[in-house]
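With the input below, show me the fold.
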Amino acid sequence: MQDLTGRCPWCGTDPLYVAYHDTEWGVPERDGRALWEKLILDGFQAGLAWITILRKRDGFRAAFEGFEPQVIAGWGDADVARLLADPGIVRHRGKIEGTIRSAQAWCRIEERQGFADFLWSFQEGRVVTNHARSIAEVPAETPMSQKISKALKQEGFTFCGPTIVYAFMQATGMVNDHLVTCPRHAEVARADRHR
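All right, here's what the predicted structure looks like:
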(Lines give C-alpha, C1' and ligand atoms only; values in the text may rest on other atoms or scores of the structure.)
Protein backbone atom coordinates (compact mmCIF):
# COMPACT_ATOMS: atom_id res chain seq x y z
CA MET A 1 0.00 0.00 0.00
CA GLN A 2 1.26 3.46 -0.83
CA ASP A 3 2.58 5.66 1.95
CA LEU A 4 0.37 8.70 2.17
CA THR A 5 2.07 11.08 4.56
CA GLY A 6 -0.48 13.71 5.44
CA ARG A 7 -3.40 11.31 4.93
CA CYS A 8 -6.76 12.42 6.33
CA PRO A 9 -6.58 11.50 10.03
CA TRP A 10 -10.11 10.09 10.34
CA CYS A 11 -9.08 6.69 8.98
CA GLY A 12 -6.49 6.09 11.70
CA THR A 13 -4.21 3.10 11.19
CA ASP A 14 -6.68 0.22 10.78
CA PRO A 15 -5.58 -1.41 7.48
CA LEU A 16 -9.17 -1.83 6.26
CA TYR A 17 -9.99 1.81 6.99
CA VAL A 18 -6.74 3.03 5.44
CA ALA A 19 -7.38 1.00 2.28
CA TYR A 20 -10.89 2.44 2.07
CA HIS A 21 -9.52 5.97 2.39
CA ASP A 22 -6.73 5.37 -0.12
CA THR A 23 -8.78 3.68 -2.84
CA GLU A 24 -12.50 4.44 -2.48
CA TRP A 25 -13.43 7.42 -0.34
CA GLY A 26 -13.94 10.56 -2.36
CA VAL A 27 -13.65 8.92 -5.78
CA PRO A 28 -16.54 10.17 -7.96
CA GLU A 29 -19.07 7.35 -8.36
CA ARG A 30 -21.45 7.60 -11.31
CA ASP A 31 -23.04 4.15 -11.27
CA GLY A 32 -26.62 4.30 -9.96
CA ARG A 33 -26.60 0.89 -8.28
CA ALA A 34 -23.28 1.55 -6.55
CA LEU A 35 -24.54 4.95 -5.38
CA TRP A 36 -27.64 3.32 -3.93
CA GLU A 37 -25.58 0.69 -2.09
CA LYS A 38 -23.45 3.40 -0.50
CA LEU A 39 -26.48 5.47 0.49
CA ILE A 40 -28.07 2.42 2.14
CA LEU A 41 -24.85 1.55 3.99
CA ASP A 42 -24.54 5.16 5.17
CA GLY A 43 -28.08 4.88 6.50
CA PHE A 44 -27.19 1.69 8.38
CA GLN A 45 -24.18 3.52 9.82
CA ALA A 46 -26.39 6.10 11.59
CA GLY A 47 -25.48 5.94 15.26
CA LEU A 48 -22.45 3.72 14.61
CA ALA A 49 -18.85 4.14 13.46
CA TRP A 50 -18.28 3.72 9.71
CA ILE A 51 -15.59 1.11 10.41
CA THR A 52 -18.36 -1.10 11.88
CA ILE A 53 -20.21 -1.02 8.55
CA LEU A 54 -17.01 -1.43 6.56
CA ARG A 55 -16.18 -4.60 8.50
CA LYS A 56 -19.66 -5.96 7.78
CA ARG A 57 -19.88 -4.77 4.16
CA ASP A 58 -19.37 -8.26 2.69
CA GLY A 59 -22.07 -9.57 5.02
CA PHE A 60 -24.41 -6.81 3.88
CA ARG A 61 -23.69 -7.57 0.23
CA ALA A 62 -24.47 -11.24 0.76
CA ALA A 63 -27.63 -10.62 2.80
CA PHE A 64 -28.94 -7.98 0.40
CA GLU A 65 -28.22 -9.98 -2.78
CA GLY A 66 -25.47 -7.68 -4.04
CA PHE A 67 -27.63 -4.61 -3.37
CA GLU A 68 -29.74 -5.14 -6.48
CA PRO A 69 -32.60 -2.68 -5.90
CA GLN A 70 -34.89 -4.37 -8.42
CA VAL A 71 -34.69 -7.58 -6.34
CA ILE A 72 -34.98 -5.92 -2.93
CA ALA A 73 -37.96 -3.79 -4.02
CA GLY A 74 -40.09 -6.96 -4.05
CA TRP A 75 -39.14 -8.19 -0.60
CA GLY A 76 -41.64 -8.60 2.21
CA ASP A 77 -42.04 -9.71 5.82
CA ALA A 78 -40.24 -13.04 5.38
CA ASP A 79 -37.17 -11.24 4.05
CA VAL A 80 -37.24 -8.77 6.93
CA ALA A 81 -37.38 -11.68 9.40
CA ARG A 82 -34.48 -13.41 7.62
CA LEU A 83 -32.36 -10.27 7.78
CA LEU A 84 -33.19 -9.64 11.44
CA ALA A 85 -31.69 -13.07 12.17
CA ASP A 86 -28.49 -12.45 10.17
CA PRO A 87 -25.50 -11.66 12.45
CA GLY A 88 -23.47 -10.54 9.42
CA ILE A 89 -25.33 -7.23 9.23
CA VAL A 90 -26.63 -4.52 11.54
CA ARG A 91 -30.00 -5.93 12.60
CA HIS A 92 -32.32 -2.94 12.82
CA ARG A 93 -35.91 -3.44 11.70
CA GLY A 94 -36.46 0.20 10.71
CA LYS A 95 -33.33 0.31 8.59
CA ILE A 96 -34.11 -3.02 6.92
CA GLU A 97 -37.70 -2.01 6.13
CA GLY A 98 -36.40 1.39 5.00
CA THR A 99 -34.01 -0.34 2.61
CA ILE A 100 -36.94 -2.10 0.93
CA ARG A 101 -38.86 1.17 0.57
CA SER A 102 -35.71 2.89 -0.70
CA ALA A 103 -35.26 0.12 -3.29
CA GLN A 104 -38.78 0.81 -4.53
CA ALA A 105 -37.99 4.54 -4.70
CA TRP A 106 -34.72 3.80 -6.53
CA CYS A 107 -36.64 1.81 -9.16
CA ARG A 108 -39.05 4.70 -9.77
CA ILE A 109 -36.20 7.22 -10.10
CA GLU A 110 -34.11 4.87 -12.24
CA GLU A 111 -36.97 4.39 -14.68
CA ARG A 112 -37.77 8.11 -14.77
CA GLN A 113 -34.26 9.55 -15.22
CA GLY A 114 -31.61 7.27 -13.78
CA PHE A 115 -30.60 7.38 -10.13
CA ALA A 116 -27.07 8.61 -10.82
CA ASP A 117 -28.39 11.42 -13.03
CA PHE A 118 -30.94 12.32 -10.33
CA LEU A 119 -28.25 12.70 -7.65
CA TRP A 120 -25.59 14.38 -9.78
CA SER A 121 -28.12 16.83 -11.27
CA PHE A 122 -28.12 18.74 -7.98
CA GLN A 123 -24.54 19.75 -8.77
CA GLU A 124 -24.90 19.83 -12.54
CA GLY A 125 -22.71 16.74 -12.70
CA ARG A 126 -19.73 18.48 -11.10
CA VAL A 127 -17.64 17.54 -8.10
CA VAL A 128 -17.40 20.20 -5.42
CA THR A 129 -13.75 20.41 -4.37
CA ASN A 130 -13.20 21.84 -0.92
CA HIS A 131 -9.89 22.99 0.52
CA ALA A 132 -10.02 22.18 4.23
CA ARG A 133 -6.73 21.99 6.09
CA SER A 134 -8.15 20.29 9.19
CA ILE A 135 -11.07 18.05 10.09
CA ALA A 136 -12.50 20.94 12.12
CA GLU A 137 -13.07 22.86 8.87
CA VAL A 138 -15.16 20.07 7.30
CA PRO A 139 -18.92 20.55 7.84
CA ALA A 140 -21.28 17.84 9.02
CA GLU A 141 -23.90 19.00 6.52
CA THR A 142 -24.35 21.72 3.91
CA PRO A 143 -27.24 23.47 2.18
CA MET A 144 -26.72 21.05 -0.73
CA SER A 145 -26.92 17.96 1.52
CA GLN A 146 -30.10 19.43 3.02
CA LYS A 147 -31.57 19.88 -0.46
CA ILE A 148 -30.67 16.35 -1.57
CA SER A 149 -31.93 14.89 1.71
CA LYS A 150 -35.28 16.60 1.27
CA ALA A 151 -35.57 15.38 -2.34
CA LEU A 152 -34.70 11.80 -1.36
CA LYS A 153 -37.29 11.81 1.43
CA GLN A 154 -39.92 13.14 -0.98
CA GLU A 155 -39.11 10.19 -3.25
CA GLY A 156 -39.65 7.71 -0.39
CA PHE A 157 -36.14 7.18 0.98
CA THR A 158 -35.50 6.80 4.71
CA PHE A 159 -32.40 7.25 6.89
CA CYS A 160 -31.17 10.01 4.61
CA GLY A 161 -30.96 13.11 6.77
CA PRO A 162 -28.62 15.95 5.77
CA THR A 163 -25.69 14.62 7.83
CA ILE A 164 -26.00 11.11 6.36
CA VAL A 165 -26.33 12.61 2.88
CA TYR A 166 -23.24 14.74 3.35
CA ALA A 167 -21.21 11.70 4.46
CA PHE A 168 -22.55 9.92 1.37
CA MET A 169 -21.57 12.87 -0.85
CA GLN A 170 -18.04 12.79 0.56
CA ALA A 171 -17.71 9.03 0.17
CA THR A 172 -19.00 8.97 -3.40
CA GLY A 173 -16.94 11.91 -4.57
CA MET A 174 -19.76 14.35 -5.11
CA VAL A 175 -17.63 16.39 -2.72
CA ASN A 176 -13.83 16.13 -2.51
CA ASP A 177 -13.26 16.58 1.21
CA HIS A 178 -9.82 15.03 1.41
CA LEU A 179 -7.77 17.54 3.34
CA VAL A 180 -5.45 19.58 1.15
CA THR A 181 -2.53 18.05 3.08
CA CYS A 182 -3.62 14.58 1.92
CA PRO A 183 -2.17 13.36 -1.40
CA ARG A 184 -5.59 11.95 -2.28
CA HIS A 185 -7.02 15.49 -2.51
CA ALA A 186 -5.04 16.25 -5.66
CA GLU A 187 -5.36 12.69 -7.02
CA VAL A 188 -9.14 12.73 -6.79
CA ALA A 189 -9.35 16.22 -8.30
CA ARG A 190 -7.18 15.12 -11.25
CA ALA A 191 -9.17 11.93 -11.78
CA ASP A 192 -12.42 13.85 -12.03
CA ARG A 193 -10.99 16.35 -14.50
CA HIS A 194 -9.89 13.50 -16.78
CA ARG A 195 -13.09 11.49 -16.78
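
chain center to the helix ranked longest in the chain: distance?
Assignment by DSSP state H gives helix 93-112 as the longest helix of the chain. The chain centroid and the centroid of helix 93-112 are separated by 15 Å, computed with CA atoms, centre = their mean, to the nearest Å.

go on, stretch 56-68?
Taking CA atoms, centre = their mean, one finds stretch 56-68 lying 14 Å from the centre of the chain it belongs to.

neighbouring contacts of it?
Defining contact as CB atoms under 8 Å, 6 or more residues apart in numbering, one finds that stretch 56-68 is touched by 33, 36-37, 40-41, 44, 53, 71-72, 83, 86, 88-90, 99. Placement of C-beta: from N, CA and C, glycine included.

Please spell out which residues along that stretch are buried.
Neighbour-count burial for stretch 56-68 flags 56, 57, 60, 63, 64, 67 (criterion: 16 or more other CB atoms under 10 Å).

can you put those residues in JSON lines and add secondary structure?
Converted to JSON lines, those look like this (DSSP: H, G, I helix; E, B strand; the rest coil):
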{"residue": "56", "secondary structure": "helix"}
{"residue": "57", "secondary structure": "helix"}
{"residue": "60", "secondary structure": "helix"}
{"residue": "63", "secondary structure": "helix"}
{"residue": "64", "secondary structure": "coil"}
{"residue": "67", "secondary structure": "helix"}
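
Residue 80: what's it in contact with?
For residue 80, the contacting residues are 93, 96, 97, 100, by CB under 8 Å, 6+ apart.

need these in a markdown table with neighbour count, pLDDT and distance to residue 133, can you?
A markdown table is the format used below for the contacts of residue 80 (neighbours: other CB atoms under 10 Å; pLDDT from 0 to 100; distance: CB to CB, whole Å):
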| residue | neighbour count | pLDDT | distance to residue 133 |
| --- | --- | --- | --- |
| 93 | 11 | 98 | 42 |
| 96 | 23 | 98 | 40 |
| 97 | 16 | 98 | 41 |
| 100 | 20 | 98 | 42 |
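
can you name the farthest residue from the center of this structure?
Largest separation from the mean C-alpha position in the chain: residue 78, at 26.7 Å (CA atoms, centre = their mean).

Can you classify that residue by secondary structure?
Once three-state DSSP is applied, residue 78 turns out helix.
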